[in-house]
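Only the shape, not the letters, is given here:
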């Protein structure tokens, strides 16, 4: 990559998205990180050594207008787009509200659709759009119906996008269990460690991934 390659990372303020942004900057690309929290974006920007090759844009992927504004800011030379943003409420299916469902829909269905609609016209052959799916699409757990549904639907969309947008490459990556900050929101430190240790024991490598 070089500085003329613009990589847009939606969800780039933490976890996998932040790691992708850091690697792209290291490889010489210009990077635009986007997310809903201006505070998290500011913290991420402060921790990334990007200089003039790094920009941060506050945007909610579930809002078409904000996605459009993001790609207007990114410019006409977008080479790659990576989407790691996710907002997937967990809980018993009977207790999930319509608002919970719409959070998942906007995050993992409407958001990817809006992203493709705004990004693809700015991209040329050789570019790529990469989404993150999740193991819930194949191995759902109790309380994870929204994650299973949203990720399964996303992967179906990606297959259709890949056919329609070729030669732009469109892929979904299911990274498995990765120790990202989202775990800190789901459990206490002790419960998190116990859960990750349990999951690690079920894997051939015997460990959880890191960004």
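Sure thing, it's come through. Just so we're clear, the structure is a prediction, and the values are computed from it rather than from any experiment. Residues are numbered from 1 along each chain as shown.

buried ones in stretch 83-96?
For stretch 83-96, the neighbour count (16 or more other C-beta atoms under 10 Å) marks 83-90, 96 as buried. All C-beta atoms are positioned from the backbone trio N, CA, C, and that covers glycine.

Likewise for stretch 188-197?
residue 196.

Grab the most central residue of this structure for me.
Closest to where the C-alpha atoms of the chain average out (C-alpha atoms, centre = their mean) is residue 84, at 0.7 Å.

Centre of the chain to the biggest helix by length in the chain, how far?
Longest helix of the chain, by residue count under DSSP state H: helix 145-165. Averaging C-alpha positions (C-alpha atoms, centre = their mean, to the nearest Å) puts helix 145-165 13 Å from its chain's average.

Give me the mean pLDDT for it.
Average pLDDT, helix 145-165: 96.

Other residues contacting that helix?
Outside of helix 145-165, the residues within contact range by C-beta atoms under 8 Å, 6 or more residues apart in numbering are 88-90, 93, 96, 100-101, 104-105, 107-109, 112-113, 116, 120, 129, 131, 133-134, 136-137, 140, 169-172, 174.

Put the buried members of the residues you listed into a ChimeraX selection.
Buried residues among the contacts of helix 145-165 (16+ other C-beta under 10 Å), as a ChimeraX selection:
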select :88,89,90,96,100,104,105,107,108,109,112,116,120,129,131,133,134,136,137,140,169,170,172
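
shaky segments in the protein?
2, 180-187, 192 (pLDDT under 70).

At which residues are the strands of it located?
6-10, 30-35, 54-58, 78-83, 128-132, 169-173 (DSSP state E).

could I get those strands as a markdown table with distance to residue 154?
Output for those, formatted as a markdown table (distance: least, C-beta to C-beta, whole Å):
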| stretch | distance to residue 154 |
| --- | --- |
| strand 6-10 | 13 |
| strand 30-35 | 18 |
| strand 54-58 | 22 |
| strand 78-83 | 9 |
| strand 128-132 | 6 |
| strand 169-173 | 6 |
